[in-house]
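> I would like to see how this sequence folds:
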Amino acid sequence: MNLRRKTALVTGSTSGIGLGIAMALAESGCNLILNGFGETSAIERLRLQIEEEHKVRVDYFDADLSKPGECRELIVRAQIAAGELDILVNNAGIQYVAPVEQFPQAQWDAVLAVNLSSAFHLIAAALPAMRAQKFGRIINISSVHGLVGSIHKSAYVAAKHGLVGLTKVVALETAGQGITCNAICPGWVLTPLVQRQIEAKAESEGVDLETASKEILDEKQPSGIFTTSAQIGALAVFLCSQSADNLTGACLPVDGGWLAR
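Numbering: from 1, shown residues only. Okay, here's the model as predicted:
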């Protein structure tokens, strides 16, 4: 699928799912604006690597997505750099796990700010130009936890449910304007964040990493295998293509059968 002459901003794209999406878009000819955490030198190497490998333009802009003003400024910087911002992928997210009554207020506020409010501010800032150019693709990376709950993840589940609702509202408000807004809802994806969960489980239970991985998958994901970031990226590319012109307001699970139980 050819996305040449399009430009995408992908938040949280220096690792994990966001990087997988960015790489898939670049492979399809899309120019990129990266955003995320990491060492400056490592991010610069990544930026140059993608440019050289895929012959696309790649910029990187830092922003603290817990701050509304920096979210909106990120869109302005992206539009100035690219001329037009065609695709917005809201992928950045953080996690904290604790029972509701023990959940720290500061962690609740941080998870909601990064996982939900940042998407609102970025979308609100990007929409006027998308409407003017009569084209836009907005992809929100939610989760199966945007559709079902799990214990000890109150802030994460609340934010991801909110992101699903935001997706539907934006889809309705932009219907018929050349803009689509959809959510991808992954189950277990083997990212650095999930790898740390596996390692913590292995340590706490005194088992090896393979056993810990199997236990995590067997609990929720009937396929017994992790989804890859590249697979999420391929779905994102499809959602940006002309084939998905009339696909909007959808919440697409990529969860190995998690929600089919």
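> List of residues touching stretch 77-84?
Thr7, Leu9, Asn31, Ile33, Arg57, Asp59, Phe61, Leu85, Ala129, Gln133 (Cβ atoms under 8 Å, 6 or more residues apart in numbering). Every C-beta, even on glycine, is put in place using the N, C-alpha and C of the backbone.
> In helices, which of those appear?
Ala129, Gln133 (DSSP state H).
> Taking the contacts of stretch 77-84, please make a ChimeraX selection of just the buried ones.
Buried members of those, defined by 16 or more other Cβ atoms under 10 Å, are picked up in ChimeraX with:
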select :7,9,31,33,57,59,61,85,129
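> Pick out the most distant pair among the contacts of stretch 77-84.
Phe61 and Gln133 (20.5 Å; Cβ to Cβ).
> Point out where this structure drops to low pLDDT.
Residue ranges of the chain with pLDDT under 70: none are present.
> same thing but at 90, please
Judged by pLDDT under 90, the chain has its weakly predicted residues at 1-2, 191-197, 261.
> the strands in it, which residues?
7-10, 31-34, 58-60, 87-90, 136-141, 179-186, 251-254 (DSSP state E).
> right, so of those, which gets closest to Leu74?
Here strand 7-10 is closest among the strands of the chain (Cβ to Cβ), at 7.4 Å.
> neighbouring contacts of that closest one?
With Cβ under 8 Å, 6+ apart, strand 7-10 has contacts from 18, 21-22, 25, 30-35, 57, 74-75, 78, 82-89, 91, 122, 126, 137, 240.
> same question, stretch 165-180
116, 119-120, 123, 127, 130-131, 133-138, 140, 142, 181-183, 239, 244-245, 247-249, 251.
> And the strands of the chain: which comes nearest Glu70?
Going by Cβ to Cβ, the one of these nearest Glu70 is strand 7-10, 13.4 Å.
> Helices of the chain, start to end?
Counting by DSSP H, the helices of the chain are 16-27, 40-54, 68-82, 105-112, 118-133, 154-174, 192-205, 209-220, 229-240.
> how about those helices in TSV, adding distance to Met1?
Listed next are the helices of the chain as TSV, based on distance: least, Cβ to Cβ, whole Å:
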stretch	distance to Met1
helix 16-27	10
helix 40-54	14
helix 68-82	20
helix 105-112	34
helix 118-133	20
helix 154-174	21
helix 192-205	28
helix 209-220	30
helix 229-240	6
